[in-house]
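Asks: sequence isn't available, so here's the structure alone:
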């Protein structure tokens, strides 16, 4: 049984791996494995070493220096490598090239089981030991422990279009999601639709909630109360749109228009309509959100709310480098403007849709 360590008296600047190893009664190699996020250490030993690292306020030598030379930024995707993520990566890489920085692309969680690859402290120390200058996460579900672990090793964090923000002070880059939801719904209202449904992403997602609130605000401003069965949330995935679209369109009081929480959802709804013999936009109008390359390639092309995805990536990269350089930010949260792109998936409300949908 390993003894519990006493709170150290050494200062942070004098702490070495040897200091930690001596306090824990293990080898320097074992401490190094913990710092670098290696898995071949017992859970008991890992916990002891991690507690000592926190008590000593140890940070790898790479985090004690000011950012010099070419920066190395960790870009993490939480989810599938979708057309959305691809557009954001384009912006990140473009800004990195201009700043003489390099980008390492990875995943935040194991896509097979949804688990984080290692404990937050080990994960953060591994990034710092590998020479990362900062971390960017896109649509990620970070925990407070992850945020604290990055702060402990002085690695700045920027989250793009966050699903959740475990700390208010976490720096984020997004778009005007509320305005986008409002604009998409107003577009359908202006075309005469009144039975307008919503199919969105994760209920707890902040960007999804903002878009949904925009939808509700537009409906309420028009004197309409959304039907409870016509407001559905699941995932930002094509399959979720197809499944929930089929559910919406199977009933006798089907909507004549659907606001999709993202392009993938909207395309799934369009497929559900096709499977039931309905035509878009003659029988059903559909809008998306993002304006990924899939929107213009759809049949018919998708009316959608354009997020400036590449610019969001560029802003995130420039922001994380500013933070790494010690600059003070004017705001922790940046929202870029959205705009409506009208294509062929929406049309004026028609008597045909009325007779079949109301």
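Replies: That came through fine. On a predicted model such as this, the values are computed, not experimentally measured, just so you know.

Asks: okay, which residue is most central for the chain?
Replies: residue 139 (0.5 Å; CA atoms, centre = their mean).

Asks: my read: it touches residue 161, true?
Replies: Yes: taking contacts as CB atoms under 8 Å, residue 139 lies within contact range of residue 161: 5.2 Å. Glycine gets a C-beta too; all of them are placed from N, C-alpha and C.

Asks: overlap in contacts, the two.
Replies: Counting by CB atoms under 8 Å, 6 or more residues apart in numbering, the shared contacts of residue 139 and residue 161 are residue 207.

Asks: would you list the phi and psi of the residue nearest to the centre of the chain?
Replies: When quoted as degrees, to the nearest 10, the phi and psi of residue 139 stand at phi 40, psi 50.

Asks: check residue 272 too.
Replies: phi -60, psi -40.

Asks: and the nearest residue to it once chain neighbours are set aside, what does it touch?
Replies: In this structure, residue 272 finds its nearest non-sequential neighbour in residue 245, 3.1 Å apart by CB to CB, 6 or more residues apart in numbering. Applying CB under 8 Å, 6+ apart to residue 245 gives the contacts 199, 258, 268, 269, 270, 271, 272, 273.

Asks: restricted to helices, list those.
Replies: Counting by DSSP state H, the part of the contacts of residue 245 found in helices is 268, 269, 270, 271, 272, 273.

Asks: could I get those in a markdown table, plus columns for distance to residue 326 and pLDDT?
Replies: As requested, those are arranged in a markdown table below (distance: CB to CB, whole Å; pLDDT from 0 to 100):
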| residue | distance to residue 326 | pLDDT |
| --- | --- | --- |
| 268 | 45 | 98 |
| 269 | 47 | 98 |
| 270 | 49 | 98 |
| 271 | 50 | 98 |
| 272 | 51 | 98 |
| 273 | 53 | 97 |
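
Asks: let me have these in TSV, extended by distance to residue 103 and neighbour count.
Replies: Below are the ones in helices among the contacts of residue 245 laid out as TSV (distance: CB to CB, whole Å; neighbours: other CB atoms under 10 Å):
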residue	distance to residue 103	neighbour count
268	31	25
269	34	31
270	34	27
271	34	18
272	37	24
273	39	23
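
Asks: and the two most separated of these?
Replies: 268 and 273 (9.9 Å; CB to CB).

Asks: how distant is the host helix or strand of residue 244 from the center of its chain?
Replies: Using DSSP states H and E, residue 244 sits in helix 238-250. Put simply, helix 238-250 sits 23 Å off its chain's centre (CA atoms, centre = their mean, to the nearest Å).

Asks: residue ranges in this structure under the pLDDT threshold?
Replies: 1-14, 36-39, 57-69, 111, 351-358 (pLDDT under 70).

Asks: would you list every one of the helices in it?
Replies: 17-24, 28-35, 43-55, 83-98, 120-129, 144-152, 177-190, 206-221, 238-250, 263-275, 293-297, 309-324, 351-357.

Asks: just tell me which of these ends up closest to residue 71.
Replies: Of all the helices of the chain, helix 309-324 comes closest under CB to CB, at 5.8 Å.

Asks: packing partners of the closest one?
Replies: Contacts defined by 3 or more CB pairs under 8 Å, 6 or more residues apart in numbering; DSSP states H and E place helix 309-324 against strand 72-77, helix 83-98, strand 134-138, strand 157-160, strand 171-175, strand 333-336.

Asks: buried residues in the second one?
Replies: The one in question is helix 83-98. When burial is assessed from 16 or more other CB atoms under 10 Å, helix 83-98 yields the following buried residues: 83, 84, 85, 87, 88, 89, 91, 92, 93, 95, 96.

Asks: would JSON lines of those residues with distance to residue 208 be doable?
Replies: Converted to JSON lines, the buried residues of helix 83-98 look like this (distance: CB to CB, whole Å):
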{"residue": "83", "distance to residue 208": "18"}
{"residue": "84", "distance to residue 208": "13"}
{"residue": "85", "distance to residue 208": "17"}
{"residue": "87", "distance to residue 208": "19"}
{"residue": "88", "distance to residue 208": "17"}
{"residue": "89", "distance to residue 208": "22"}
{"residue": "91", "distance to residue 208": "22"}
{"residue": "92", "distance to residue 208": "23"}
{"residue": "93", "distance to residue 208": "27"}
{"residue": "95", "distance to residue 208": "27"}
{"residue": "96", "distance to residue 208": "29"}
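
Asks: of all those, which two lie farthest apart?
Replies: Farthest apart among those by CB to CB are 83 and 96. That separation is 20.3 Å.

Asks: give me the domain ranges for the chain.
Replies: Domains of the chain are assigned by automatic domain parsing as 12-58, 69-174+309-336, 177-307+340-357.
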